[in-house]
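Engineer: Need coordinates for the following:
(chains A and B)
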Amino acid sequence: MKKQKRNRGIVELKSRYGYMFTTHWIIGIVIFFALPLIQSIIFSFSEIEVVGGGIDVHFKGIENYKQILLVDANYDTWVTSSVTSYLYSLPIIILLSMSLALILNQKFRGRLFFRALYFLPVIISTGAVINHIFRTTGSNMSDIGVSDAYSANMISVDDIVKLLDISGEVADFITTTISKIFDLVWSCGIQIVLFLAGLQSVPQSFFEASRVEGATKWEEFWFITFPMLSRVTLLVTIFTMVELITSERTTLIKNVYSMMRAGNYDETSAMMWFYFLICGAVMGLFVFLYQRFLVKRWE
Amino acid sequence: MKNIINTLSNLDYRTTHKLQKKSLSVLYSIFRLVILLSIGFIIIYPLIYTVVTSLQSKYAFLNSTRVWIPTEFAIGENYAAAFDAMEYMSSLWSTFKNELISAAIEIASCALVAYGLARFNFKAKKYYIAILFLTILVPEMMIIIPKMINYSHLDLFGILGLINDASGVDLRPNILDTPWAFWLPSIFGVGLRSGILIYIYIQFFKGLPQELEEAAWVDGAGPFKTFLSIALPSSGVVILTVTVFSMIWHWNDSLLSGMYLSENFPLASQVSRLPETLGSKYHIILNARDPQGIGYLMAGCVLFIVPMLIVYMIIQQWFIESIDRVGITG
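Structural biologist: Just a heads-up that it's a prediction; the model follows:
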């Protein structure tokens, strides 16, 4: 009886410590996260006038949404192009970074060198500078027209596709992937780091056991590594989604950002919310399917 | 002929199997090397191109035989122009003051939050974790306008606003254009991508053995003392990872600084608006027919990357090792 009471004391004490460590964070969440989030919803349904140092907010219903969806000619194309490019890049980035992390996790000579090389995009790729670099090199090199002279001499992807006689959508897919390959590989930096960190926590004893049982490498991957990585994969997927949605390289974000800086607060809020809801719905669907079909099966 | 047949028949099953296995593994290592090299090339190519382009004058672009080795140097001109257009020294100071210091604050305050969430059980913990995921999920762009407007009249829970209404004295400070706009959220652990940092910390703290901390408890150390003298000293690995991430994200941040500041921009903002600055300063329009500005632009990019690259070269050994030991399980 007495022991039970003392235990409860410790439990209570620990829970109080838990609150102590997180008080400042919860205050921060209220001031710097929850409040702005609610305000941003209100803004999207209002008309905002900048008066002196502050702002005047007049509620005007769904006018802003009507404006962007029915009147604005560009918004639809921005959203569709952003969402399609996001749906298309996501699986490629996840697959690419996972396989690269698996390779970099093996033991071979020169591993340190390759790791240092593959982590390079981590320091540069989130930055503004990458836009300039990609505009000059890489995918839309021909826009600048500098390198026309020697790119004309090389065999282009189109030639290879024609040679192999691949038809229709598959060919389109291949050509766009290859023309975007710089963008895709460069988006893999942090994902590779997270996957590598995740791979370290797979217990080695599982592999030893499976080797004794005579499992092939493929079975090892499919029945041990992949299930053990499931939560990391989810984290990486969510991270990548948010990165892709808010990347300054998407047309929508670029335009909305310049509108924001010009002082258009109400319409841009509506634009962001509509866009985020669409992306969020896709994200939610994905997470649901992932939990339902993959994680549940393993557990 | 007879000899060969003899040796072949003498090879028993085990040796052939071994040979087969060995040749397969050699084939596999070649395949792996090819993959790694070709994707490594994709990573390194834009960088080399940037550096080479930044070294040469506009006449080099007319010379189509030049690919990798720079000809027609204009190093001085390009770098001087970029240095000048970016106001390099003052931007570097602004980056340090606004971004890097707030990264340092963020690293410390996120560690506290994560320790609280990883070590202790309390009723609201479930909801806190849900909120944490929400903060990872909601992009900064969504809430940046209200944040900016709030910062121009910073008000803690409307108390200062009430004073303003009652007495007409406006006590609400305007923290835009001051480093506080970056420091304050970091102090409260809700700075730039703090969610991800807290998550990485939590994963690591969960894996730390609790026994030492329990022992410190029994000896009468308070929770903060335990955290500082037991938990933190053994989490160098995760602190390094988080520091690298946080510093990089802050160094590269042009979104927040573009909204919160109206002058003295940090480097990331300066480099992202470099084409416009070049246009207004040197009357250069960046397009296909005018390669003049490309050298300037690339020189600016190199100037932006180099400090990060130097730091990365110094710490990369530890960083790569720390990745092996952080252990994210999800």
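Engineer: Residue of the stretch 151-299 of chain A nearest chain B, please.
Structural biologist: A:Arg231 (2.1 Å; C-beta to the nearest C-beta). To be clear about C-beta, it is placed using only N, CA and C from the backbone, and glycine gets the same treatment.
Engineer: Give me the neighbour count for B:Ile230.
Structural biologist: Here the number of neighbours of B:Ile230 (other C-beta atoms under 10 Å in any protein chain shown) works out to 18.
Engineer: Next up, the contacts around B:Ala221.
Structural biologist: With contacts defined as C-beta atoms under 8 Å, 6 or more residues apart in numbering or on different chains, B:Ala221 is in contact with B:229-230.
Engineer: Need the phi and psi values for it.
Structural biologist: Backbone geometry at B:Ala221, expressed as degrees, to the nearest 10, gives phi -80, psi 140.
Engineer: Over to A:Leu90?
Structural biologist: phi -50, psi -60.
Engineer: Please name the spatially closest residue to A:Leu11 (chain neighbours excluded).
Structural biologist: Slight slip there: residue A:11 is Val, not Leu. Once flanking residues are discounted, A:Val11 sits nearest to B:Asn121: 7.4 Å by C-beta to C-beta, 6 or more residues apart in numbering or on different chains.
Engineer: right, quick check: the helix or strand containing B:Leu309 against chain A, any contact?
Structural biologist: Here B:Leu309, judged by DSSP states H and E, is contained in helix B:292-326. Yes - counting by C-beta under 8 Å from any C-beta of the partner chain, chain A has neighbours in helix B:292-326: B:294, B:297-298, B:300-301, B:304-305, B:308-309, B:312, B:316-317, B:319-320, B:323-326.
Engineer: circling back to that earlier point, the residue nearest to A:Val11: neighbour count?
Structural biologist: B:Asn121: 10 neighbours (other C-beta under 10 Å).
Engineer: Leaving aside the residues adjacent along the chain, what's closest to the residue nearest the centre of chain A?
Structural biologist: With distances taken as C-alpha atoms, centre = their mean, the residue of chain A nearest its centroid is A:Thr240 (1.7 Å). Spatial nearest neighbour of A:Thr240, excluding adjacent residues (C-beta to C-beta, 6+ apart): A:Ile93 at 5.5 Å.
Engineer: quick check: mean pLDDT across the helix or strand containing the one you found?
Structural biologist: Using DSSP H and E, A:Ile93 maps to helix A:75-105. The average pLDDT within helix A:75-105 is 89.
Engineer: what comes up buried for it?
Structural biologist: A:75, A:78-79, A:82-83, A:85-86, A:88-90, A:92-94, A:96-105 (16 or more other C-beta atoms under 10 Å in any protein chain shown).
Engineer: same check, this time on stretch B:112-124
Structural biologist: B:112-120, B:122.
Engineer: Flag the shaky bits of the stretch 51-200 of chain B, pLDDT-wise.
Structural biologist: Scanning the stretch 51-200 of chain B for pLDDT under 70 picks out the ranges B:61-68, B:156-161, B:164, B:168-171.
Engineer: picking up where we left off before, okay, the angle between the helix holding B:Leu309 and helix A:75-105?
Structural biologist: 50 degrees (axes from the mean of the first three to the mean of the last three C-alpha atoms, to 10 degrees).
Engineer: mind listing the helices for the stretch 151-300 of chain B?
Structural biologist: Per DSSP state H, counting those that start in this stretch, the stretch 151-300 of chain B carries helices over the ranges B:159-167, B:180-187, B:194-207, B:211-218, B:223-226, B:236-252, B:255-260, B:267-272, B:274-282, B:292-326.
Engineer: Pick the most buried one from these.
Structural biologist: Per residue and on average, the most neighbours among the helices of the stretch 151-300 of chain B fall to helix B:267-272, with a mean of 26 (mean count of other C-beta atoms under 10 Å in any protein chain shown).
Engineer: Determine how far it lies from the middle of the whole chain.
Structural biologist: What separates the centre of helix B:267-272 from the centre of its chain is 15 Å, taken as C-alpha atoms, centre = their mean, to the nearest Å.
Engineer: hmm, that helix in reach of chain A?
Structural biologist: Yes - using C-beta under 8 Å from any C-beta, helix B:267-272 reaches chain A at B:268-269, B:271-272.
Engineer: of all those residues, which two lie farthest apart?
Structural biologist: B:Ser269 and B:Val271 (7.5 Å; C-beta to C-beta).
Engineer: what do these two both touch?
Structural biologist: Common neighbours of B:Ser269 and B:Val271 (C-beta under 8 Å, 6+ apart) are A:128, B:254.
Engineer: Skip the chain neighbours and tell me the closest residue to the residue of the stretch 151-300 of chain B found nearest chain A.
Structural biologist: Relative to chain A, the nearest point of the stretch 151-300 of chain B is B:Phe188 (2.5 Å; C-beta to the nearest C-beta). Closest residue to B:Phe188 apart from its sequence neighbours, by C-beta to C-beta, 6+ apart: A:Gly28 at 2.5 Å.
Engineer: okay, now residue 69: neighbour count?
Structural biologist: With no chain named, the answer covers chain A. Quick note: A:Leu69 (other C-beta under 10 Å) scores 15 neighbours.
Engineer: my bad, chain B
Structural biologist: 8.
Engineer: And for A:Ile38?
Structural biologist: A:Ile38 has 12 nearby residues by other C-beta under 10 Å.
Engineer: Buried ones in the helix or strand hosting it, by neighbour count?
Structural biologist: In this assignment (DSSP H and E), A:Ile38 forms part of helix A:35-44. Neighbour counts over helix A:35-44 (16+ other C-beta under 10 Å) mark A:35-37, A:39-40, A:43-44 as buried.
Engineer: Mind checking if it is in reach of chain B?
Structural biologist: Yes - counting by C-beta under 8 Å from any C-beta, chain B is contacted by helix A:35-44 at A:35-37, A:39-40, A:43.
Engineer: what two of these are the furthest from one another?
Structural biologist: Largest separation among the residues of helix A:35-44 next to chain B by C-beta to C-beta: A:Leu35 and A:Phe43, giving 12.3 Å.
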